[in-house]
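*Asks:* need a structure here:
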Amino acid sequence: MIRVESLSKKYGGRTVVDDVTFTARPGRVTGFLGPNGAGKSTSMRMMVGLTRPHAGQATIHGRTFADLPNPGREVGVMLDASAQHAGRTGREILTLAQQTMGLPAGRVPEMVHRVGLTEAEAEQRVGSYSLGMRQRLGVAVALIGAPSVLILDEPANGLDPAGIRWMRDLLRGFADDGGTVLLSSHLLHEVDVVADDIVMIGRGRIVSEGSKAELLKGAGAVVRSRDTDALERALRDSGLVTSRSSDGALHTDAEPTVVGLVAREAGLALTELRTADGGLEEMFLALTADTQREGKAA
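*Replies:* Next up is the predicted model:
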């Protein structure tokens, strides 16, 4: 578990993280979202002891990162995949991590395989790696100590669609096995797919926090079926208010899970079911509108 309590940081007279408090829980993926410059990376650096807060603290399993006896065996961290030593090979970087943590040598080839690097790639110097390969290596370093907590900043950067799917499955599996995942990403769709909880930050302060289901509950749903009339009757018979758009989609204030259950009970196959109004992306843009660079007056 990660517990962040009243975390604050100033640079000069400017407050970049302002009284941030939240908890990332075991068995769940927590998405940590915000525009560029909102304070996400600074917050994560304070969580892992790289930046000293002016106030507050972050703890992992009840202890600060600095107080963990062998941090890599309790928390896996990847904040900047490009920061790896360009002159070393991927295998050398993993071996250094393995030796530092006092792990069996067999963990190195195990991690190479787990993150999808080839044996040839593991022998290449990191300076020749693509960004996607560096991301995979960074995840391998984070995982090598078999931690129960992961703190990852933009782990899908540079990955192709297959790599993004792999990352999503890895994080989901880690959480389903009881691990705690704190994930910062600008890929809102990927966070929407994998996250259980959302913490949204703007101008250094939390602007929204809670389970994804609760935060998006009021958005309603958009649903389509080959038999729109039958679906509309089924929804209305269940007490749901619906409206039909010009393109044939039905809109309702109910959340998608409820709509799906109604359709199943009615024996209707759906061709589309999603959160209305853009879901997480729409909520993100609305809550952080005053911090967005685009659309501001010159």
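*Asks:* for this structure, which spans come out with low pLDDT?
*Replies:* Segments of the chain classed as low confidence (criterion: pLDDT under 70) are 217-219, 277-279, 282-283, 286-287, 289-298.
*Asks:* For it, just list every one of the strands.
*Replies:* With DSSP state E applied, the chain shows strands at 2-11, 14-24, 28-33, 55-60, 75-78, 149-153, 180-184, 197-202, 205-211, 221-225, 242-244, 250-252, 270-275, listed in chain order.
*Asks:* Including mean neighbour count, could these go into a markdown table?
*Replies:* All C-beta atoms are positioned from the backbone trio N, CA, C, and that covers glycine. Supplementary listing: these in a markdown table, determined by neighbours: other C-beta atoms under 10 Å:
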| stretch | mean neighbour count |
| --- | --- |
| strand 2-11 | 18 |
| strand 14-24 | 18 |
| strand 28-33 | 25 |
| strand 55-60 | 18 |
| strand 75-78 | 23 |
| strand 149-153 | 24 |
| strand 180-184 | 25 |
| strand 197-202 | 24 |
| strand 205-211 | 16 |
| strand 221-225 | 22 |
| strand 242-244 | 14 |
| strand 250-252 | 19 |
| strand 270-275 | 14 |
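*Asks:* Specify the stretch among those that is closest to L117.
*Replies:* strand 75-78 (14.8 Å; C-beta to C-beta).
*Asks:* Could you export the strands of the chain as JSON lines, including distance to S41?
*Replies:* Converted to JSON lines, the strands of the chain look like this (distance: least, C-beta to C-beta, whole Å):
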{"stretch": "strand 2-11", "distance to S41": "11"}
{"stretch": "strand 14-24", "distance to S41": "10"}
{"stretch": "strand 28-33", "distance to S41": "10"}
{"stretch": "strand 55-60", "distance to S41": "14"}
{"stretch": "strand 75-78", "distance to S41": "12"}
{"stretch": "strand 149-153", "distance to S41": "6"}
{"stretch": "strand 180-184", "distance to S41": "7"}
{"stretch": "strand 197-202", "distance to S41": "11"}
{"stretch": "strand 205-211", "distance to S41": "15"}
{"stretch": "strand 221-225", "distance to S41": "34"}
{"stretch": "strand 242-244", "distance to S41": "42"}
{"stretch": "strand 250-252", "distance to S41": "38"}
{"stretch": "strand 270-275", "distance to S41": "28"}
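*Asks:* For R233, which of those is the nearest?
*Replies:* That would be, of the strands of the chain and by C-beta to C-beta, strand 242-244, which comes in at 9.5 Å.
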